[in-house]
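*Asks:* Give me coordinates for this.
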Amino acid sequence: MLLGEQLGYRYEVVSVVDQGSFGQVVKCIDHGHPQHRIVAAKISKKDVQDVDNMIVEVRFLQSLGKRKDEVGGDRIVEYIEHFKFRGHIIIVFEFLHLNLFRFVRS
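*Replies:* Numbering: from 1, shown residues only. Below you'll find the predicted structure:
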């Protein structure tokens, strides 16, 4: 994705956070939110297997979002939404400064 590009006519890409075999994660401004919050968007590649894997991930995130821990708080990361855009699956999350993989490695 190019810097400044709009995803779903709502999320403006401001930087690339990470890239991998699944696709990429970008930092975006959410122009649909009153405070124009910063979010992360995970963008699948267009091939069928990657799209299918992202759909499984969305179902997993949705089921986790319905559960609360014993204190009543959220799980690991806030899932905001997902949508199809130009043949990609886009999953939008709250923006965290460190991904789980890097946190475990540190």
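
*Asks:* What's the local residue count around the closest residue in space to His36 that isn't next to it in sequence?
*Replies:* Of all residues beyond its chain neighbours, the one nearest His36 is Ile29 (5.4 Å), with distances taken as CB to CB, 6 or more residues apart in numbering. Glycine gets a C-beta too; all of them are placed from N, C-alpha and C. Look at Ile29: counted by other CB atoms under 10 Å, it has 16 neighbours.

*Asks:* Could you measure from Ile29 over to Asp18?
*Replies:* 18 Å (CB to CB, to the nearest Å).

*Asks:* May I have the residues that are in contact with the nearest residue in space to Cys28 that is not next to it in sequence?
*Replies:* What sits nearest to Cys28 in space, not counting adjacent residues and going by CB to CB, 6+ apart, is Tyr11, at 3.9 Å. By CB atoms under 8 Å, 6 or more residues apart in numbering, the contact list for Tyr11 reads Cys28, Ile29, Asp30, His31, Val39, Ala41, Ile90, Val92.

*Asks:* Check Val26 too.
*Replies:* Val26 sits in contact with Met1, Leu7, Val13, Val14, Ser15, Val16, Val17, Ala40, Ala41, Ile43, where contact means CB under 8 Å, 6+ apart.

*Asks:* Kindly provide the distance from it to Ser106.
*Replies:* According to CB to CB, Val26 and Ser106 sit 22 Å apart.

*Asks:* ditto for His31
*Replies:* 33 Å.

*Asks:* which element is Gln24 on?
*Replies:* Gln24 is part of strand 23-30 when elements are defined by DSSP states H and E.

*Asks:* how far out from the middle of the chain is that strand?
*Replies:* Its chain's average C-alpha position is 7 Å from that of strand 23-30, according to CA atoms, centre = their mean, to the nearest Å.

*Asks:* would you put the C-alpha positions of that strand in CSV?
*Replies:* The C-alpha trace of strand 23-30 is given here as CSV (Å, rounded to 0.1, in the frame of the first residue of the first chain):
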residue,chain,number,x,y,z
GLY,A,23,0.9,-9.5,3.6
GLN,A,24,1.6,-6.4,5.6
VAL,A,25,0.5,-4.3,8.6
VAL,A,26,0.1,-0.6,8.2
LYS,A,27,-0.4,2.3,10.6
CYS,A,28,-3.5,4.4,9.6
ILE,A,29,-5.5,7.4,10.6
ASP,A,30,-9.2,6.5,11.1
